[in-house]
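Asks: Any chance you can model this:
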Amino acid sequence: MRLLPVAVCVGAASVLGAKLAVRFGTKQVVALGLALVTGFYAWVALSIDLTTSYAVIAAQMVVYGVGLGFTMSPATESIMGAVAKEKAGAGSAVNDATRLLEAPWASP
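Replies: Numbering: from 1, shown residues only. You can find the predicted model right below:
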């Protein structure tokens, strides 16, 4: 339950990120998502200690979830849209590699 903020935000931002990519372009949306993830890491690195409240941690998870969501859908579309059908396996492998870079805690 405590991880719910990040899960909900990844799901919602994935849908929104795909729509924003159509309107503004994949590069801009992915760059925004990566900037949010970078902001998340900076925020955590500079602010977390033993007295940090769950409200602050939940807010950080929201930033992280939105950043991941904005990055995942447009990046997947970009990668899979750039490969021929017979190279879909290689495209999928590249997509999986981007997931590992986006979410270092994720496992394949």
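
Asks: Next, the buried residues of the longest helix seen in the chain.
Replies: Longest helix of the chain, by residue count under DSSP state H: helix 54-81. By neighbour count on 16 or more other C-beta atoms under 10 Å, the buried set for helix 54-81 is 60-77, 79. All C-beta spots, glycine's among them, are computed from the backbone N, C-alpha and C.

Asks: what's the angle between the lowest-mean-pLDDT helix or strand in the chain and helix 54-81?
Replies: Every helix and strand of the chain was ranked by mean pLDDT, DSSP states H and E. The lowest is helix 88-102, at a mean of 77. Orientation check (axes from the mean of the first three to the mean of the last three C-alpha atoms, to 10 degrees): helix 88-102 against helix 54-81 gives 160 degrees.

Asks: could you say what helices and strands helix 88-102 packs with?
Replies: helix 54-81 (3 or more C-beta pairs under 8 Å, 6 or more residues apart in numbering; DSSP states H and E).
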